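# Build me a structure from this.
(one chain, ligands or ions: 1)
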Amino acid sequence: MLETATSIPAVRAAVAAARAEGRVIGFVPTMGALHEGHVRLMEHCRDRSGFTVASIFVNPTQFGPSEDFDRYPRALEDDLDKCREAGVDLVFTPSRAEVYPRGESASTFVEVPVLSRVLEGVVRPTHFRGVATVVLSLLNIVRPDLAVFGRKDYQQQLLIRRMVEDLHLGVEIETAPTVREADGLAMSSRNRYLDPDQRRAATVLFRALEAARRLVGDGERDADRIRQILRSTIESEKTARLEYAAVADAETLEELGEVAPGRAVVALLAARFGTTRLIDNARLTE
Ligand code: AMP
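Residues are numbered from 1 along each chain as shown. This next block holds a predicted model:
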């Protein structure tokens, strides 16, 4: 049965009861407007834990002043159905005041250096301090054994791993694969902003990543040529505006000159379709 909680003491009590029964506690933080990608993340977590907690909280501190916080989709009833379907045991849906008791501007913040400044951090300079802060806060509330994040937000899961390591949080972080629509578009709560033309064009992110993977598969080692194919594929869609096309070290996100054998390399993309900003990524080497 799905339990819900809006207060920190209620979450702590439910988790303590499950732990007293010897169950492993798994946790999946989300911002709601759940889709199949979130459901798979929850299932992934449920398969590895005896008690699965999900949170639904649209975190104001990770949105920039001109971003979509106010219009970010909210669909609580449907979200609860999806959590039930995924076998979640407890859903935490806190208010802003529960998470930020002193108000957001007076809150303590966590900064993860370097990883928060590149790629997404260039366009969204305060985004990752909001993400790191809310994730740390939620981990402290739930105190799970394991937390699961999506590879879709590649930089985010790296940054969370770094924070967990640096601050000795002692929680295991798992990264689950990106879930895609049949035509390759990575599922995202923001896909619902796309009009039909933009929706069609948005598959170009996946097509560009596939082209890059093919190039590497054919033996290309020059990272600039790989960036070039990413760029030219995206630019082939008139409605797409590319923000970045990176070929980077999979651990440090440092841009590479060469895709050397034995090195873990990831391609990362961000582009706008109208006002909607989408990201995607793929490993170029195993
Ligand atoms: P969000 O609600 O967008 O903040 O996402 C909550 C979690 O779901 C994050 O760990 C995301 O990386 C993950 N996620 C979102 N979309 C996908 C997807 N298409 N595939 C896998 N994980 C996803």
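
# Distance-wise, check the residue of the chain found nearest the ligand relative to Glu67.
Closest to the ligand within the chain is Gly150: 2.2 Å, counting by Cβ to the nearest ligand atom. For the C-beta atoms, the positions are set from N, CA and C on the backbone; glycine is no exception. Using Cβ to Cβ, to the nearest Å, Gly150 is found at 20 Å from Glu67.

# More neighbours: the two, which one.
It is Gly150, of Gly150 and Glu67, that has more neighbours when counted by other Cβ atoms under 10 Å, with 23 against 14.

# what pairs with the more buried one across the strands?
Beta-bridge partners of Gly150, counted by DSSP bridges, are Ala176.

# Now that it has come up, it's in contact with Leu41, right?
Yes - taking contacts as Cβ atoms under 8 Å, Gly150 lies within contact range of Leu41: 5.6 Å.

# Show me whatever sits in contact with both of these two.
Jointly contacting Gly150 and Leu41 under the rule Cβ atoms under 8 Å, 6 or more residues apart in numbering are Ala176.

# Just the element for Thr4, please.
strand 3-5 (DSSP states H and E).

# I'd like the average pLDDT over that strand.
For strand 3-5, the mean per-residue pLDDT is 98.

# In terms of secondary structure, what does it contact?
If you count contacts as 3 or more Cβ pairs under 8 Å, 6 or more residues apart in numbering; DSSP states H and E, strand 3-5 packs onto helix 8-20, strand 90-92.

# just how off-centre is that strand within its chain?
23 Å (Cα atoms, centre = their mean, to the nearest Å).

# Show me what counts as buried in that strand.
By neighbour count on 16 or more other Cβ atoms under 10 Å, the buried set for strand 3-5 is 4-5.

# Partner strands of that strand and their direction?
Strand pairing for strand 3-5, determined by DSSP bridges: strand 90-92 (parallel).

# what's in contact with the partner strand?
Contact partners of strand 90-92, identified using Cβ under 8 Å, 6+ apart, comprise 2-6, 11, 14-15, 51-57, 79-80, 83, 138, 141-142.

# measure the closest residue to Ser116 other than its chain neighbours to Leu159 for me?
Nearest residue to Ser116, sequence neighbours excluded (Cβ to Cβ, 6 or more residues apart in numbering): Phe128, at 3.6 Å. Distance, Phe128 to Leu159, by Cβ to Cβ: 6 Å.

# likewise Pro196?
Spatial separation of Pro196 from Leu159 under the definition Cβ to Cβ is 34 Å.

# the more surrounded of the two?
More neighbours surround Leu159 than the other of Pro196 and Leu159, with 25 against 7 (other Cβ under 10 Å).

# give me phi/psi at that one?
Torsion angles at Leu159 (phi, psi; degrees, to the nearest 10) stand at phi -60, psi -40.

# Quick one: residues contacting it.
Leu159 touches 112, 115-116, 128, 131-132, counting by Cβ under 8 Å, 6+ apart.
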